[in-house]
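> Got a predicted model here, sequence first, then my questions.
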Amino acid sequence: MALTRDELLDTAGVTYTNAAEPGIGGRIAPAGFDEQWRLAGLERTTSLQTKITQQQNAKGEQHNLTQILQDAQAVRRGELIELKQAVRTADTISPPAEGSYYTRLNLKGATPRGHASLVAFARTVYSAILEQPDLLQAISGLGYTQEQIEALLQGIAGLETLNARQEKAKGDYQALTQEVKALEKALWADLSALKKVIKALFSGEEESQVLATLQLTRL
């Protein structure tokens with residue numbers, strides 16, 4: 001029967017501990033289930049418990065960073081939308097000699113939502129403003145000084161750093177998930193193999209007692 005993760009850990013702890021009992025350890029040792037095997041099993045069980053805790057912590061960290069990143073992306077996107085409106089206003093109150101600032105910055109269309117496209121768009125726009133004194137002068141009266149634009153660029157750099165942290169947390173969680181699965185699979189295989197040996201070495205009431213002592217009846 002299938003066991004839950006907690007049941008598997010509980011079973012493994014009992015099995016490897018009680019396998020040292022007189023009348024059991026000596027009988028199963030020749031089949032490869034000796035003291036070295038028993039201690040390795042206990043170590044594997046402890047390792048699985050540790051990895052599960054780390055996995056749960058990593059999942060929480062990933063969730064928290066994902067929420068923080070999404071909030072930060074919304075803020076950065078909002079800043080771009082406000083800037084676009086300011087550029088429209090500048091085109092009205094102090095238009096350039098030719099064309100429009102809005103067209104010059106290629107601001108037509110929806111502001112990107114995806115992380116990579118949002119970062120690329122923001123960097124392109126902010127950098128372009130810093131390279132055009134007439135445009136910077138036109139929007140400075142609307143609160144967008146050189147220092148403000150540079151601060152907005154720093155905000156995008158911070159967004160990149162936050163995204164890297166979130167990606168690392170995601171990778172850590174995925175790696176730990178694979179480790180947990182591998183340890184669970186190894187533990188299950190080991191206990192299943194032991195149960196087969198018990199059924200081959202013992203019979204009748206004695207077999208039932210040994211399986212119960214090792215808590216393998218639930219396997």
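Yep, it's here.
> who's in contact with the residue most central in space within the chain?
Of all residues in the chain, the one closest to the mean position by C-alpha atoms, centre = their mean is residue 170, 2.2 Å from it. By C-beta atoms under 8 Å, 6 or more residues apart in numbering, the contact set of residue 170 is 62, 66. Every C-beta, even on glycine, is put in place using the N, C-alpha and C of the backbone.
> Can you read off the pLDDT for it?
Model confidence at residue 170, expressed as pLDDT, equals 97.
> and it, how far is that from residue 70?
Noted for residue 170: a distance of 13 Å to residue 70, by C-beta to C-beta, to the nearest Å.
> again with residue 129
Here residue 129 is placed at a distance of 26 Å from residue 70 (C-beta to C-beta).
> Please identify which of these two sits among more neighbours.
Between residue 129 and residue 70, counted using other C-beta atoms under 10 Å, residue 129 has the larger neighbour count: 25 against 12.
> surely the more buried one meets residue 139?
Yes. Between residue 129 and residue 139 a contact is recorded at 7.4 Å, counting by C-beta atoms under 8 Å.
> circling back: distance from the helix or strand where the residue nearest to the centre of the chain lies to the middle of the chain?
Secondary structure assigned from DSSP states H and E places residue 170 in helix 146-201. Relative to its chain's centre, helix 146-201 lies at 5 Å (C-alpha atoms, centre = their mean, to the nearest Å).
> The helix or strand following it to helix 146-201, inter-axis angle?
Using DSSP H and E, the helix or strand that follows helix 146-201 in sequence is helix 204-213. For the pair helix 204-213 and helix 146-201, the angle between their directions (axes from the mean of the first three to the mean of the last three C-alpha atoms, to 10 degrees) equals 160 degrees.
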